[in-house]
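Participant: Pasting the sequence and the predicted model now:
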Amino acid sequence: MSRSRVLGLWSAPDADVGDAEAAIRRIRACDPAGSIRNAVVSLVTLVDDDRRNATAALRATGALGRRVPGRCIVVSTFAARPAGMKASINVSLVERTDTKSVCVEHVRLYVNGGAIANLSSIVEPWILPGLPLAVWLPGRLPRRGEPVVTRANQVIIDSARIGRPLAELDLAGLGELGTTDLAWIRLRPWRLLLADSFQGADISPFALGVEHADITGTRPWSTLLAGWLMSRLELSPANIRLADGDQPKVQIRARHRDRQAELLIEAVDAYEVRVATTVVGNAARRRLVRLPERFLVDDLEDALRSRPGPDATWMRAAVSAIDLLEHQ
């Protein structure tokens, strides 16, 4: 268990980073736990001028400090406003029952007008030196050569929120950046359920004989899951059929020699899934699986704790999803 309390706030227009760091040191001095900086990452979130993304990012990064200590910097840009910059800082103490208390820092930057052209030089001094840098783009993909992004050790996107399917050109750029996709992280429980459904001596041989897979759900959830199945089971687009629907469901028909099998995974509600495996001539196996309740902060934590570098499995699934959409 943990709880967070604010140690101090600081804000200034056209803020000098030196003055800001001095203010942070003064605030940290209010508690013995603030004397040591326990940060393990700097997370820069580029929300542009999207206020909804900004609100969600502030809420998620505020909760993230309880799990992954670091400095979270949320950056908004407003081109139509008069040129300038404003910074506000929140220093909080996270008190835990199982370990020592730690201080976390949240920085909010507003960069306006012509100052946006110098965004990289404005943001960089706020990044903690000597630590990994992660950049999170809640509502878009990185722009080619984007300065703040190109120096990051990890780039976090959400392909479910960009408003269109990923294209080959997108993947070419993302593959160079060591990208983590939050949509891929949210898909993990279904990937694990599908992999587990093929476990066991009586069913595992059918994994090499999948004839058809029907996948129902909202896109791009269904297309990314289909792409993963294609890449893992070496299926062609002809083996996959997508259907739109609010209740996710995967139905797979497979053959091994002269025997047939059917795997069914379907959502009962938001957190419960029914799994059924039927092999002709054998008793069917049925079970209900409770999926964990997850929030955006859970996905972010998993992303920051994932292995750095390109995710080859996600990339193959995304490439297969593009191939599937081209043949639908």
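Facilitator: Structure received.

Participant: Run through the helices of the chain in chain order.
Facilitator: Assigned by DSSP state H, the chain shows helices spanning 17-28, 51-64, 119-123, 147-150, 168-175, 182-186, 188-197, 221-233, 296-305, 312-327.

Participant: H212 is nearest to which of those?
Facilitator: helix 221-233 (11.0 Å; C-beta to C-beta). Just so you know, the C-beta spots here come from the backbone N, C-alpha and C atoms, and that holds for glycine as well.

Participant: Now do that closest one: everything it contacts.
Facilitator: Defining contact as C-beta atoms under 8 Å, 6 or more residues apart in numbering, one finds that helix 221-233 is touched by 159-160, 165, 183-184, 187, 190-191, 194, 207-208, 210, 213, 215-217, 235-237, 239-240, 242-244, 248, 250, 313, 316-325.

Participant: what about burial for those residues, which qualify?
Facilitator: Applying 16 or more other C-beta atoms under 10 Å to those, the neighbour count classes 159-160, 165, 183-184, 187, 190-191, 194, 207, 210, 213, 215-217, 235, 237, 239-240, 242, 248, 250, 317-325 as buried.

Participant: pLDDT at the residue nearest to W184 when sequence neighbours are not counted, what is it?
Facilitator: Ranked by C-beta to C-beta, 6 or more residues apart in numbering and with sequence neighbours excluded, the top spatial neighbour of W184 is W314, at 4.7 Å. We have a pLDDT of 96 for W314.

Participant: Pull the contacting residues for W314.
Facilitator: Contact partners of W314, counting by C-beta under 8 Å, 6+ apart, are 179, 181, 184.

Participant: Check R28 too.
Facilitator: Applying C-beta under 8 Å, 6+ apart to R28 gives the contacts 7, 34-35, 91, 103.

Participant: Same question for R59.
Facilitator: Contact partners of R59, counting by C-beta under 8 Å, 6+ apart, are L296.

Participant: What does the pLDDT read for it?
Facilitator: At R59, the predicted lDDT confidence score is 94.

Participant: what do you get for R285?
Facilitator: pLDDT, R285: 86.

Participant: for V275, same thing?
Facilitator: We note a pLDDT of 95 for V275 in this prediction.

Participant: thought it was touching A284?
Facilitator: No. Counting by C-beta atoms under 8 Å, V275 stays clear of A284, with 10.8 Å between them.

Participant: When those two are compared, which one has more neighbours?
Facilitator: A side-by-side neighbour count of V275 and A284, using other C-beta atoms under 10 Å, places V275 first with 18 against 10.

Participant: excluding its backbone neighbours, what's nearest D323?
Facilitator: Of all residues not flanking D323 in the chain, P237 sits nearest, at 6.1 Å (C-beta to C-beta, 6+ apart).

Participant: Same check on R143?
Facilitator: Leaving aside its chain neighbours, R143 sits nearest to V149 (7.5 Å; criterion: C-beta to C-beta, 6+ apart).

Participant: Tell me, how many residues neighbour that neighbour?
Facilitator: Residues near V149, counting by other C-beta under 10 Å, number 20.

Participant: For it, give me its contacts.
Facilitator: 46, 135, 137, 142-143, 155, 177.

Participant: Likewise for A238?
Facilitator: A238 is in contact with H327, counting by C-beta under 8 Å, 6+ apart.

Participant: Next one: it relative to H256, how far apart?
Facilitator: Using C-beta to C-beta, to the nearest Å, one gets 20 Å for the distance from A238 to H256.

Participant: now swap in L64 and tell me
Facilitator: Between L64 and H256 the computed distance is 46 Å (C-beta to C-beta).

Participant: quick one, which of those two is more surrounded?
Facilitator: The neighbour count for L64 versus H256, taken as other C-beta under 10 Å, is higher for L64 (23 against 16).

Participant: about what we covered before: how about the contacts of V149 in JSON lines, adding pLDDT, distance to D170 and neighbour count?
Facilitator: Compiled in JSON lines, the contacts of V149 are given as follows (pLDDT from 0 to 100; distance: C-beta to C-beta, whole Å; neighbours: other C-beta atoms under 10 Å):
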{"residue": "L46", "pLDDT": "98", "distance to D170": "17", "neighbour count": "25"}
{"residue": "V135", "pLDDT": "97", "distance to D170": "16", "neighbour count": "26"}
{"residue": "L137", "pLDDT": "97", "distance to D170": "12", "neighbour count": "24"}
{"residue": "P142", "pLDDT": "95", "distance to D170": "9", "neighbour count": "21"}
{"residue": "R143", "pLDDT": "92", "distance to D170": "11", "neighbour count": "13"}
{"residue": "V155", "pLDDT": "96", "distance to D170": "12", "neighbour count": "24"}
{"residue": "L177", "pLDDT": "89", "distance to D170": "11", "neighbour count": "20"}
